[in-house]
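In: The following block contains a protein sequence and its predicted model.
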Amino acid sequence: MPINWPDLLASYWSQPEVAANVLILLNMAGALALGLVVGYERSYHGRAAGMRTYGLVCMASAAMMAVSGHPDAWFAGHHASLYSSVDPTRVMQGIVTGIGFLGAGVIMREGFSISGLTTAASIWCSSAIGIMVGLGMYLAAIGLATLAAGIMVYLSKLESVLPSRHAVAITLRFKEGFLPREEGLRRMALERGYSIAGGSLIIASEQGAQEWRFVALALSKHSGAPLSELAQELAAHESIASFKLAHARN
């Protein structure tokens, strides 16, 4: 029997299909809100993965789970007649796994500084958009794309007004024979508006010269000396042979 293409295309926007898409959109919105809450906690404490990364991953995960829970709405209900030899769940699994490797390739780490997490999350989110389009969930796919783009464009502005604590990755190489003391280093950090993040201190020694690496976390959003000022102080310190400062965020 020939396929009636106009009726087939119209069925993708029928009342049952739109209702399923709206329900998926609500699931995505709820997951996005919860992901942003968790991401803000990480962002406030100066961690690499922040609101955008957590929001994208949580929303995309909910999208794929919600889509898999509505098999009757796949391909506008024509899955059995048009795609009887296809198992979409296996295809989805392969896509998500493959995109995970692709996303890992854009994440770069140098010491305590990590970059590319949001890009990796957006790539993974785009795979969820492609899966939705492939299954005929057009309205949900449009909603996911709109939310994802809004996160990447506007969320940084929201983060800038929310309370947060920026982090600085610091590497100090002391002159040969000088033995620094941890309590003195922590006191100096507090005097400049920072605290040393717990578990971040790494100490190495080579040819009698010690190298200390750690993350300094600002006490509040408006505290903490700027990097240029810290660099001037460290350059003038008589016991420091060399140093390196970098923002420890993505």
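Out: Thanks, I have it. Numbers count the residues shown, from 1 in each chain.
In: what comes up buried for the host helix or strand of Gly55?
Out: Gly55 belongs to helix 51-68 when assigned by DSSP states H and E. Using 16 or more other C-beta atoms under 10 Å as the test for burial, helix 51-68 gives 51-64, 66-67. Any C-beta I mention is one placed from the backbone N, CA and C, and that applies to glycine too.
In: Over to stretch 162-182?
Out: Buried positions in stretch 162-182, judged by neighbour count with 16+ other C-beta under 10 Å: Ser164, Arg165, His166, Ala167, Val168, Ala169, Ile170, Thr171, Leu172, Arg173, Phe174.
In: which residues of this structure fall in helices?
Out: With DSSP state H as the criterion, the chain has helices at 5-11, 15-44, 51-68, 79-82, 88-104, 117-134, 138-161, 182-191, 227-236.
In: before we move on, the earlier item: for the helix holding Gly55, packing partners?
Out: Applying 3 or more C-beta pairs under 8 Å, 6 or more residues apart in numbering; DSSP states H and E, one finds that helix 51-68 makes contact with helix 15-44, helix 88-104, helix 117-134, helix 138-161.
In: So which of these is the most surrounded?
Out: Neighbour counts averaged per stretch over these are highest for helix 117-134, at a mean of 21; criterion: mean count of other C-beta atoms under 10 Å.
In: And it, how far out from the chain middle?
Out: 13 Å (C-alpha atoms, centre = their mean, to the nearest Å).
In: And stretch 204-224, by the same measure?
Out: 25 Å.
In: With stretch 238-250 instead?
Out: Averaging C-alpha positions (C-alpha atoms, centre = their mean) puts stretch 238-250 25 Å from its chain's average.
In: Now do it, average pLDDT.
Out: Summarised as a single mean, pLDDT over stretch 238-250 is 83.
In: Thanks a lot, see you next time.
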